[in-house]
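# This is a predicted model, with the sequence first.
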Amino acid sequence: MARLDSANLARARETIALYPHPRSALVPLCHIAQEQDGWLTPEAIEHIAELLGLTAAEVRGTASFYDMLHTEPVGRYLVGICTNIACLLAGGYELLEHAEQSLGTPVGATTPDGTVTLEEVECIAYCDSAPCAIVNYRYFGPLTGADFDRLIEDVRAGRLADDVPPHGTLNRVRREGGLRVPAEEVAAQRAADDEARRQRREQREKETAAGPAGGAS
Amino acid sequence: MAELRIRPTNEAVTVTIDGREVAARKGELLIAAAERAGTYIPRFCYHPRMKPVGMCRMCLVEVKGPRGFALQPACYVEVADGQEVLTTTDNVRKAQDGVLEFLLINHPLDCPVCDKGGECPLQDQTISFGPGESRFVEEKRHFEKPIPIGPLVLLDRERCIQCARCTRFADEVAGDALIDFAGRGDQLEVAVGSGAPFTSYFSGNTIQICPVGALTAVPYRFRARPWDLEQVESTCTTCSVGCAVAVQSSSNRITRYLGIDSDPVNQSWLCDRGRFDYQAIDSPDRLSQPLVRRDGELVPVGWSEALATVARGIEEVRRLHGPQAVAVLGGARLPNEDAYAWAKLAKAVIGTDNVDAQMGDGLPAEVVLGLPRATIDEACAADVVVLLAPDIKEELPVLYLRLRAAALERRAGGPGPRLIELGQTHSGLTPYADISLAHRPGEAASLLSALTAARAPRGEVAGVPAADIGRAREALKGAGSLVMVAGRPSLAESATFPAQAAAVLAAARPQARFLPALRRGNVMGALDMGLAPGVLPGRVGLDAGRDWYTRAWGQAPAERGLDAGGILAAAAEGRIHALVLLGADPLADFPDARLAEQALAGVGLIVAVDTFLTDSSRKADVVLPAATYAERSGTTTNIEGRVSRLSQKVVPPGVAWPDWMIAVELAAQLGADLGPVSLGELWDEIEAVAPSHRGLSGPLLLSPPARDGVVVPLGPGDRAALEAGEWEPGAGRPGGGPAAVGGGVDTGGGATQPVPAPIDPMSDPGIGAVEQQGVKATATVPLPAEGPARVPPRPEGPEPERLGPPPADAELSLTPLDAYSLRLVSSRTLYDGAVMTQASPALAGLAPGARLRANPYDLDRLGVTTGGQVRVASARGAFVLPVEADPGVPRGAAWLGFRQPDGGAAALIDHSQPVTDVRLETP
Amino acid sequence: MSTRKAAPGFLDAPKVVTSRFGHDDSYTLSRFLATGGYDALRKALGMLPEQVAAEVDASGLLGRGGAGFPTGRKWSMLRPAPVRYLVVNGDESEPATFKDHALVTRDPHQLIEGAVIAAYAVGAMQVFLYVRGEFALGLERVQAALNEAYQHGAVGQDIFGSGFSVDIVVHPGAGAYICGDETGLLESLEGKRGFPRIKPPYYPAVMGLYMEPTVVNNVETISSLPWIVNHGGAALAELGEPTSTGTRMFALAGHVLRPGNYEIEMSKPTFRDLIYSPELGGGVRDGNAVKAVIPGGASSPWIGPDQLDLHLDQKAVQDAGTMLGSGSIVVMDERTCMVRAAWRISRFFHRESCGQCTPCREGSGWVEKVLRRIEAGQGREEDLDLLLDVCDNISPDLVWPPKQTTICPLGPSIPPAVVSSMRMYRDEYLLHIKDGACPHG
Ligand SMILES: Cc1cc2nc3c(=O)[nH]c(=O)nc-3n(C[C@H](O)[C@H](O)[C@H](O)COP(=O)(O)O)c2cc1C
Ligand code: SF4
Ligand code: FES
């Protein structure tokens, strides 16, 4: 629970370098911080602000716009049940109620053992498997109440550890290498291409002008 | 990067608003063009001084496009030639009513307990257009009621209408986005970062521009209701930028200052120190009656006794030791008229030239007065601005806002200067400077020579690498217009260095103009009025003006007197026998505390004219209580030489007098007639005798075109234009024309509005808008002369020449820095030990305290552990204080604040030495 | 997420974007290469950029993100400037839309191939694939595919020896529907909150990412490009009708027996075909009657059982007063409570309004609260007029296409569900009010 550790700091720097302007890395950096701590700690926010040349208010303010970025601690497993239209039609609310009862925690809260935070979520684009749920953004559905209980049991017991990493770990596949093409090289290429394109257009226009239509006017 | 403009072009276009053809400028926002033409479009999020966001949707009007008329936000649409706009159709009315209703559904409607009640645009709009009964029967949004988000600002999120005025201000105008929106949708709230409160120096502006009562001022909370307030238009004298303010009071107590939109100066903004130090005015510690020392104690007496004591004392000193044994220190807090009266008293009645309004913390008067002056607008429009000054953000905060905005405008591809900063440590403007050259104390003049000489230096100069000097030379070379902001980068080096540096630039670049960075309220007015050695009123040197003033006054000093350092040194040696402290506190303010102490101990008669008992005035034999800001009228002069009005709003405590009156009475006690016996007469005399003020008559100064103040000396044609009412501030001065943002000063007040008057702060936040709240604004300055008008003595003969640029002469020699020492750099912070700040409860605690900052490299090298205490010692003195590592401080230097409540650099500085070297030890 | 074997007629059309969906390893480079992957890219790189753009223009490809703007036209509107960007919109958050999710997860190489083709055609400096944050698996698949593609020489420096170079960056979102709007997305990609920008002047093609001209295209749009290059624009234009060419992925959900993504030819089939064909929706659960269909995402006005013979054609549906939008089709059967369904959609907009515009920020919550009250049996008769009036204040005159008082189209997306359900089933609303309860229990 702190600033980014050295490995994550290196990742953060690499991430920043992917963008023409550092601020673009704000959300990716918040994901890295969440991967480290499970949520966005004030220290991490401060650190990200420093890295991006922003204030803590800007980073916290921007992060809090996004549902997936948590400025308060959440459980190791964030369970989201969709109740949006397709899931509603398939019993999403019934599943949510069941989850509240079986987890013993209301929506928006974390189980007393601190492992599971329950959320009601908007459509997660898995509607052909309604009613569905996400656990740390891994998809499950369609689910009956019993399916749900089994899922939670498996998750808690670590039986799904391969599929469901702890909350905050979103993308386990790292980009291999930073940008591969030096910016000046792209710029030079594009400039040359644009010039060539312009000449072709001129050529074409000349040809059309020289053609019968041009002669007639 | 292309960006939305807020500054229109000069291209004229015609738009049709509600069937009426209106002249506008291309790129101007529709809402502004319409307002100028008398069509007020309601709005909440739009502010003329910030980029539009089009969020509140209150300003929707119908604009004709390719597919017919459609609703568009007038605050976002730029006018275009031939554009057709409808602002009063049913569609528009319905959209605006709808927005208003939406804004109210979650609003607590707690107007009776809201500070904004009575001057709230939301409340007003609701009363004028809003539906009577609420159709919203659901539960409203709830938040914890006001929470402090900073030392001066409270936030009530339930009242917030998400207009983003405050967050935009913090980011766009102030440049420290310490507040920002958090959350989303109807949970959007203004928030700070955790553990990072809203400590901006400019936080109070967010309160003023909040269109509802979401942001309120800690000092103002529940203090008054708008309808109880009376107000006058005045000028802030907390520093010398001279921001236009509305001073509001209720039952003879100042309750609030509001920034007025003076286009050439503050463009509606104020710093928090200027906004909130009114608290000092009714401090219980104010001096309210004269005191005379009896048996070692200061005891209250009447004015006549006090003045008689002073007169007797001065008379005796004069008789025994000659007039040169009398000295007058201070006067920078006095209005122009008062400063003139005191200058005349000292120089013509008493006969001494040992007079200095500056406290050894400024620049030599002849240099300041002789350099060609720039306006703020000129600086913002120059090709290059050279900063050789203390941290402008700390000392002249609103000038910082202006320069920052100008530099950013240039970065965005617009007009605006390149900033070349010649500092001794980093400053608030460093991030906006194109080139920052940190130079060694004592070497500014060599640096300037290197920057302007025909040939580039081969090696480093003043600690600045040759390559950096090369870049700065390039920038300077191409500069057609050039402004130097000239002041003291550090009080721990002699004033000679920056003064020489300015002279070098003036000689090398004849087109250069100068903006003095001298902080004290009316220091520029005091210098103009002759409150300095070697000068006489109207920016003339003693020798050049002696004949003229001998004719005007009957007497003028025969010899050049001493400046503050000289006076104190002479006093310490027993050569000054009577010392008048004109609101001066040399013990706290003079950059050599030991010398100041010895000086006061060596003077037989100390007379303090002051508003508070200070370290120095406590040592006085006679203390005369003076009226202060808002208790007296007059005029003041800012760094540009802009003369503007000061207005009385409340009566002074007890029997405190304005300073000019003390001077007049004292002259009488000394058997002389000072001449003028009213403010009006004083001004008339100034106008008659002071060459720099010629032509600026009292009536002209009061006339509407002079609302933004008038820069003296008047340019050719200015006077005629003023009289004809066609005068524009800055007109006729290169680059000094008014910017066209938000309309002029009269937009809010003068325009006839088809809808209820725009209420401050929604429209032009000008006084006119404030007036429309039903509060009568009066400008009371200068007081008309009573009785038959006295004809001011304008002498015969040719007017004396005004001072010209100083010669660029040789440098002082410096002893090199030894390896164990650091060269001290000292400057002020916005909040410090100043009397008005410390007497304002809201501000007193904000001074950061004495702290030494040095480069981590040096601290490591010297074996000093950071975060702890360090003993700092110079040849002059030593004390123990906290130390911090700061990579922004160059190697070899150590920075220490000047006057903190718990001590400061004055104890370490030897005024007779060119620079101050210190050693650090772990105590 | 299943696409079934084609049957005669409109089902015979080729699969433009889902051809690999039958393979379990559809997301791997080996499968991709084995099924003609990156051939189109090689072919495109052998053409002139403007020839590639001309093929796309000739294909009549309409944007698949919701607005249905012709892709070729969009590209041609790019402001000439040295720096241009391509941003692929994979934020898919429109309720009941799940086609991009499938494309990203199941055929990431096709997306990358399409992105490089587009970058080549428009001369983009850099490509950003903005992928919805919740798509954890999708993000991993795209990143892995991108790594492979770099390795394979299909992205990066001197692609396939053509001399053309471009970098692609996968950018994860973080949960905010409004970042699907192209200008909200650009703000988000710049590291800010996803506040949509005001148009004019901030058209992405003019002042887009970092104020540079930018093409924003949907994942399905971009995924269509390899097929177009391989087969020629004319081949796509032959499918469907001129008003809606090609095929389209329809995300079918709700009370059908076989919910799923179906790529079918445009224009020719009707809603009824889609819902009832045994190869597609397979009919309504329990043989129930259709009560209402949401034809193009939460923002679209609903259609009733009498409108099922409308063709799946952009113009035809537009003329009928609604839209095909994001390609999501939700079927509600006779046992569905219209008030509850409308309420849930309004709740979505309430939660997802970015909060800039007063009418959307405040109106979305107001509408939701009134609907919830009615649904809970605490409605008042005047609430129906109130709802219409509040909606009218968000989107004046409640016409189609909607007018707006707001910055982006999310605001005017609030009324359609409320207004269309109320127009069709006003008595059901009244029943809730009179009985103080939901008639559907
Ligand atoms: C509120 C809102 C949400 C949107 N969400 C998406 C989305 O999730 N995915 C998408 O591709 N387009 C979405 N759009 C449409 C985009 O603004 C844009 O039109 C589209 O990405 C352009 O791509 P296309 O031309 O390929 O369709 C949304 C628009 C709005 C107003
Ligand atoms: S309409 Fe709604 S979502 Fe769109 S910009 Fe306005 S407040 Fe945000
Ligand atoms: S939207 Fe124009 S004033 Fe707020």
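Arrived safely. None of the values given here were measured: they were computed from a predicted structure. Numbering: from 1, shown residues only, chains lettered A, B, ... in the order given. Ligands and ions are numbered 1, 2, ... in the order given.
# Quick check: beta-bridge partners of whichever residue of the stretch 501-650 of chain B sits closest to chain C?
Of all residues in the stretch 501-650 of chain B, the one sitting closest to chain C is B:Leu515 (33.4 Å; Cβ to the nearest Cβ). To be clear about C-beta, it is placed using only N, CA and C from the backbone, and glycine gets the same treatment. Assessed by DSSP bridges, B:Leu515 has beta-bridge partners B:Val485.
# Need the mean per-residue confidence for stretch C:216-226.
On average, the pLDDT along stretch C:216-226 is 98.
# try stretch B:832-851
Mean per-residue pLDDT for stretch B:832-851: 95.
# Stretch C:374-391 now?
In this model, stretch C:374-391 carries a mean pLDDT of 96.
# can you check stretch C:127-139 too?
In this model, stretch C:127-139 has an average pLDDT of 98.
# Report pLDDT for the residue of the stretch 501-650 of chain B closest to chain C.
Confidence score, pLDDT, at B:Leu515: 98.
# Now do it against ligand 3, distance only.
According to Cβ to the nearest ligand atom, to the nearest Å, B:Leu515 and ligand 3 sit 35 Å apart.
# That residue reaches B:Met484, doesn't it?
Yes - using Cβ atoms under 8 Å, B:Leu515 is in contact with B:Met484, at 7.2 Å.
# rewinding a little: what about the residue of the stretch 501-650 of chain B closest to chain C, how many neighbours?
Counted with other Cβ atoms under 10 Å in any protein chain shown, residues neighbouring B:Leu515 total 29.
# One more: A:Asn84?
26.
# can you pull the contacts of the residue nearest to it when sequence neighbours are not counted?
Once flanking residues are discounted, A:Asn84 sits nearest to A:Cys123: 3.8 Å by Cβ to Cβ, 6 or more residues apart in numbering or on different chains. A:Cys123 is in contact with A:82, A:84-87, C:93-97, C:348, counting by Cβ atoms under 8 Å, 6 or more residues apart in numbering or on different chains.
# Drop anything exposed from those residues.
Buried residues within the contacts of A:Cys123, counting neighbours by 16 or more other Cβ atoms under 10 Å in any protein chain shown: A:82, A:84-87, C:93-97, C:348.
# before we move on, back to that, with pLDDT, distance to ligand 2 and secondary structure as new columns, can the contacts of A:Cys123 be given to me in TSV?
TSV is the format used below for the contacts of A:Cys123 (pLDDT from 0 to 100; distance: Cβ to the nearest ligand atom, whole Å; DSSP: H, G, I helix; E, B strand; the rest coil):
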residue	pLDDT	distance to ligand 2	secondary structure
A:Cys82	98	21	strand
A:Asn84	98	17	coil
A:Ile85	98	19	helix
A:Ala86	98	22	helix
A:Cys87	98	23	helix
C:Ser93	97	12	coil
C:Glu94	97	13	coil
C:Pro95	97	15	coil
C:Ala96	97	19	coil
C:Thr97	97	17	coil
C:Phe348	98	12	helix
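# Let me know the closest of those residues to A:Tyr19.
C:Ser93 (22.7 Å; Cβ to Cβ).
# right, and B:Val265 touches B:Ala244 too?
Yes - in this structure, B:Val265 is within contact of B:Ala244 by Cβ under 8 Å, at 6.2 Å.
# shared neighbours, those two?
Common contacts of B:Val265 and B:Ala244 (Cβ under 8 Å, 6+ apart): B:708-709.
# B:Val915 and B:Ala444 touch, don't they?
No - using Cβ under 8 Å as the test, B:Val915 is too far from B:Ala444 to be in contact (11.2 Å).
# Neighbour count: these two, which is higher?
Between B:Val915 and B:Ala444, B:Ala444 has the larger neighbour count (other Cβ under 10 Å), namely 29 against 22.
# Look up how far ligand 2 lies from that one.
52 Å.
# buried sites along stretch C:298-317?
Those would be C:298-303, C:307-308, C:310-314, C:316-317, for stretch C:298-317 by 16+ other Cβ under 10 Å.
# returning to what we had before: what secondary structure does the residue nearest to A:Asn84 sit in?
Three-state call for A:Cys123 (DSSP: H, G, I helix; E, B strand; the rest coil): coil.
# Quick check, pLDDT for it.
If you check A:Cys123, the pLDDT there is 97.
# burial count for the nearest residue to C:Val83 once chain neighbours are set aside?
Residue nearest to C:Val83 in three dimensions, not counting chain neighbours: C:Glu212, with 4.6 Å by Cβ to Cβ, 6+ apart. By the other Cβ under 10 Å criterion, the neighbourhood of C:Glu212 contains 21 residues.
# swap in A:Gly177?
10.
# Show the contacting residues for the nearest residue to it once chain neighbours are set aside.
Counting by Cβ to Cβ, 6+ apart, the nearest residue to A:Gly177 once its immediate chain neighbours are dropped is C:Tyr150, at 7.4 Å. Contact partners of C:Tyr150, counting by Cβ under 8 Å, 6+ apart, are A:176-177, A:180, C:156.
# hmm, which two among the buried residues of stretch C:298-317 are most spread apart?
C:Ala298 and C:His311 (22.1 Å).
# mind listing what the spatially most central residue of chain B touches?
Central residue of chain B (Cα atoms, centre = their mean): B:Val241, 2.9 Å from the mean position. By Cβ under 8 Å, 6+ apart, B:Val241 lies in contact with B:265-266, B:376, B:396-399, B:638-639.
# what secondary structure does B:Gly565 sit in?
Classification of B:Gly565 using three-state DSSP returns helix.
# Equivalent analysis for the one 10 residues further on, please.
When the structure is reduced to helix, strand and coil (three-state DSSP), B:Arg575 reads as coil.
# Tell me the predicted confidence for it.
97.
# Same question for C:Val116.
In this model, C:Val116 is scored at 98, pLDDT.
# same question, B:Arg225
Listed pLDDT for B:Arg225 reads 72.
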